[in-house]
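1. Sharing a model prediction with you, sequence too.
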Amino acid sequence: ETTVPSLARRQSVCGLVGVLCAAATLLPSHLLLTRAAWPLYFASLALLLFVLLPGVPEWLVRPKNGGRRWISLGLFEFQPSEIAKIAVELALGVWLRGASLWRFGGFLMPFLLALPPMFLILIEPDLGTTLMVAPAVVAMVSAAGARVRHLALLVAVVALGAPLSYPFLKPHQRDRVDALIAQVRGEETYVGDIGLQADRARTLAGSGGLVGVGRER
């Protein structure tokens, strides 16, 4: 059981690490981040592989809710996938600086670089984090000057391929998809269970509208 003092210590350590990382991004020279991009990328891959290795002691990698995502460092735990999200963006940023996206091969390369960490995160399993990496890659290649027709082709492939992945999802992942479809249809089948968050989000967004409800008096 987590006590208040232990939770406070954990949050303090995480807060300090976050401040140091934020300070690093504000350095006038980005040479440090440029040099660290690829080592961090490969280090994140190694950590993602590490949590999946059989035989790793549970005090170091303890499965939770059927997933192997966390590494314990005593005072706190961390997910290598969180490091991987940053590492992928840094590595792609470095690669895109000298890349040409005009040809389809150049457009495809950033997605191939993001594929290994996305695959490892997916089999932890952590579908939510996996789906967070893909939009970041799309945004980066779009900002780097990718052709509209290449982006349109990507959207079409994903739109056609996504339904085909449904049979391969785990039961709890399929439940989330079913809950989303039920919400779109106006059904309340999952409102008291896995669809609660989505239902609350829709209710709050509907109550506030585009401009909100203003300050209560």
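-> Received the coordinates, thanks. For clarity, every value in this text was computed on a predicted model and none was experimentally measured.

2. so what's the residue nearest the centre of the chain up against?
-> A centroid search over the chain (Cα atoms, centre = their mean) returns residue 129, at 3.0 Å, as the residue closest to the centre. Applying Cβ atoms under 8 Å, 6 or more residues apart in numbering to residue 129 gives the contacts 79, 81-82, 85, 121. The way it works is simple: take the backbone N, C-alpha and C, and place the C-beta from them, glycine included.

3. I'd like to know how far it sits from residue 68.
-> As for residue 129, its distance to residue 68 is 13 Å (criterion: Cβ to Cβ, to the nearest Å).

4. swap in residue 75?
-> Taking Cβ to Cβ, one finds residue 75 at 20 Å from residue 68.

5. Could you give the number of residues near residue 43?
-> Residue 43 has 15 neighbouring residues, counting by other Cβ atoms under 10 Å.

6. Assign it to helix, strand or coil.
-> State at residue 43, reduced to three classes by DSSP: H, G, I helix; E, B strand; the rest coil: helix.

7. per-residue confidence at residue 139?
-> Note on residue 139: pLDDT of 91.

8. and it, what element?
-> For residue 139, the element it lies in under DSSP states H and E is helix 127-143.

9. continuing past that helix, what's the next helix or strand?
-> Counting by DSSP H and E, the next helix or strand C-terminal to helix 127-143 is helix 148-161.

10. who does that following helix touch, helix- and strand-wise?
-> helix 127-143 (3 or more Cβ pairs under 8 Å, 6 or more residues apart in numbering; DSSP states H and E).

11. Helices of the protein, residue ranges please.
-> Ranges of helices within the chain are 4-25, 31-50, 80-97, 104-122, 127-143, 148-161, 171-185, 196-208, based on DSSP state H.

12. what's the most buried one of these?
-> helix 80-97 (a mean of 20; mean count of other Cβ atoms under 10 Å).
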